[in-house]
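Trainee: Structure here, sequence nowhere to be found:
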């Protein structure tokens, strides 16, 4: 925040006079002004005596210098808002929840099933010689059955291991979705800052040209300049104003994208609070590949689909179950037998080659996901190499460009001085101004680009805690109008 202020408090008798001025202080939004200044004013009315000037002055400074007054949203706040607004993240959370339930279902397959059943049957039975029915015409059966799988070709254990691997894969996919959202938010956030910097530098360049134009008008009046010199600078100013208009259009579009991601008002002030981290070597960065969320997700997915081979092969093995019944009501002579138990064995003999085909299919699918894992690893390596190269190039370019800007500024000052002495032409001065301002603008934008590349490299190598620690579901902020900050 750039700005300054001045406050003066005087007291005499029962009257207190407070006067203050604020200049170039970009701090207030409406809600903060209402919530902060009105309580101060009420307290001021209550004081009304000479004993309170110091208290009032302290309250005034609190209003002006509080953290809320220094408006501006950081990148961390932008990413947090984007996470809570993103449907993609919420969908991925639901996929994690679904995978959790599938794992629980696979665990349940290891336990016995207990069920109760009942039946009623009416029979048209023949009579004996005495006219009585041979059997009961109404028969009721009520029982509780227990079925415990003993052996299913180890299919249930393979299925359980598969569901656990798929659950871990979905958790890693959630982190990978957070990383992609981090990339998008960083691009949108720093694009706004870059365009704001461009606008500021264009306006500064216009002001420098106007100052130069006023000097030329003075030189024209005393015969030391030509009218064509004035026209040259006026044309340059008009061109710069056109570039300002174009930049503002791009800035509005960039703010709209950031507002779409975060839900913020497009006019929200931004303040970059990210601290630069020490550079990491390429070798160290590449060592983080196996810890990346996308690679881990691909590993777990490949591991899960490899279990399909075991599941398919289990079709070659017999199945063995323990079955027991407890009868609550049973008709006929069996009513005195209240329970029974047994072992049920099923041996597959021939299924038309279906099981072997399922094994070959599962093997092919497992190979497919192994190839996918290899592709994900290579993509991750390429991404890290690209980001690292961009960061390294940014560092070198920053040093050279800063030196070039310093030299171009010095050249501009010398050209301006020589023009007053009649040693150079107005066109040479204009070229010096443009070279200096172009360098300033490039340097400011490169600093922002460098910050963006550094953040993306941190995210790509697992250096951002907000990605590694997936946030829990909270109140959804989607579907509503963008709220002002």
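Mentor: Structure's in. What do you need? A quick note: this is a predicted structure, and the numbers were derived from the prediction, not measured.

Trainee: how about the helices in the chain?
Mentor: Ranges of helices in the chain, per DSSP state H, are 30-47, 53-65, 75-85, 87-108, 155-221, 227-262, 282-286, 293-313, 354-420, 426-460, 465-468.

Trainee: quick one, which of these is nearest to residue 144?
Mentor: Ranking the helices of the chain by their distance to residue 144 (criterion: C-beta to C-beta) puts helix 87-108 first, at 18.8 Å. Where you see a C-beta, it was placed from the backbone N, CA and C, and this is true even at glycine.

Trainee: and residue 214, how many neighbours does it have?
Mentor: By other C-beta atoms under 10 Å, the residues close to residue 214 number 11.

Trainee: where does the stretch 151-300 of the chain have low pLDDT?
Mentor: The stretch 151-300 of the chain contains no residues with pLDDT under 70.

Trainee: please redo it, this time with the cut-off set to 90
Mentor: For the stretch 151-300 of the chain, applying pLDDT under 90 flags the ranges 152-153, 205, 208-237, 272-280.

Trainee: The stretch 1-150 of the chain too?
Mentor: 1-72, 109, 120-141.

Trainee: Roughly how far does the residue nearest the centre of the chain sit from residue 321?
Mentor: Against the mean C-alpha coordinate of the chain, by C-alpha atoms, centre = their mean, the closest residue is residue 181 at 3.5 Å. Taking C-beta to C-beta, to the nearest Å as the measure, residue 181 falls 49 Å from residue 321.

Trainee: do the same with residue 358
Mentor: 22 Å.

Trainee: what do you get for residue 236?
Mentor: Distance from residue 236 to residue 321, by C-beta to C-beta: 90 Å.

Trainee: now the longest strand along the chain against helix 155-221, angle please.
Mentor: Longest strand in the chain, counting residues (DSSP state E): strand 138-151. With axes from the mean of the first three to the mean of the last three C-alpha atoms, to 10 degrees defining the directions, strand 138-151 sits at 70 degrees from helix 155-221.

Trainee: so what strands line up beside strand 138-151?
Mentor: Strand 138-151 pairs in its sheet with strand 113-122 (antiparallel), strand 319-329 (antiparallel), by DSSP bridges.

Trainee: contact partners of the first one?
Mentor: The reference is to strand 113-122. 137, 138, 139, 140, 141, 142, 143, 144, 145, 146, 147, 329 (C-beta atoms under 8 Å, 6 or more residues apart in numbering).

Trainee: out of those residues, which are buried?
Mentor: For these, a burial check counting by 16 or more other C-beta atoms under 10 Å picks out 139, 141, 143.

Trainee: ok, how many other residues are close to residue 399?
Mentor: Burial measure for residue 399: 10 neighbouring residues, criterion other C-beta under 10 Å.

Trainee: How about the one 3 residues further on?
Mentor: The number of residues packed around residue 402, counting by other C-beta under 10 Å, is 14.

Trainee: do the same with the one 3 residues further on
Mentor: The criterion is other C-beta under 10 Å. On that basis, residue 405 has 20 neighbouring residues.

Trainee: Poorly predicted segments of the stretch 351-485 of the chain, please.
Mentor: 351, 399, 409, 411-437, 462-485.

Trainee: close enough to count as contact, residue 428 and residue 412?
Mentor: No: Residue 428 is beyond contact range of residue 412, at 10.2 Å (criterion: C-beta atoms under 8 Å).

Trainee: Neighbour count: the two, which is higher?
Mentor: Taking other C-beta under 10 Å, residue 428 and residue 412 do not tie; residue 412 has more neighbours (21 against 15).

Trainee: residues in contact with the more buried one?
Mentor: Residue 412 sits in contact with 429, 432, 433, 435, 436, where contact means C-beta under 8 Å, 6+ apart.

Trainee: Mind doing that once more with 10 Å?
Mentor: 208, 429, 430, 431, 432, 433, 434, 435, 436, 437, 439 (C-beta atoms under 10 Å, 6 or more residues apart in numbering).

Trainee: Just the buried residues from those residues, in PyMOL please.
Mentor: Buried residues among the contacts of residue 412 (16+ other C-beta under 10 Å), as a PyMOL selection:
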select buried, resi 208+429+430+432+433+434+435+436+437+439
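
Trainee: Residue 245: which of the contacts of residue 412 is nearest?
Mentor: residue 437 (17.2 Å).

Trainee: Setting aside sequence neighbours, what's the nearest residue to that closest one?
Mentor: Nearest residue to residue 437, sequence neighbours excluded (C-beta to C-beta, 6 or more residues apart in numbering): residue 205, at 4.1 Å.

Trainee: again with residue 169
Mentor: residue 300 (3.8 Å).

Trainee: Residue 315 versus that neighbour, what's the distance?
Mentor: 25 Å.

Trainee: What of residue 446?
Mentor: In terms of C-beta to C-beta, residue 446 sits 63 Å off from residue 315.

Trainee: Dump the contacts of strand 113-122 to TSV, plus distance to residue 395.
Mentor: Output for these, formatted as TSV (distance: C-beta to C-beta, whole Å):
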residue	distance to residue 395
137	96
138	92
139	90
140	87
141	83
142	81
143	79
144	75
145	73
146	71
147	68
329	85
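
Trainee: of all the residues you listed, which comes closest to residue 353?
Mentor: Distances from residue 353 to these, taken by C-beta to C-beta, are shortest for residue 147, at 29.7 Å.

Trainee: rewinding a little: with respect to residue 468, which of the contacts of strand 113-122 is nearest?
Mentor: Relative to residue 468, the closest of the contacts of strand 113-122 is residue 147; by C-beta to C-beta it sits at 44.3 Å.
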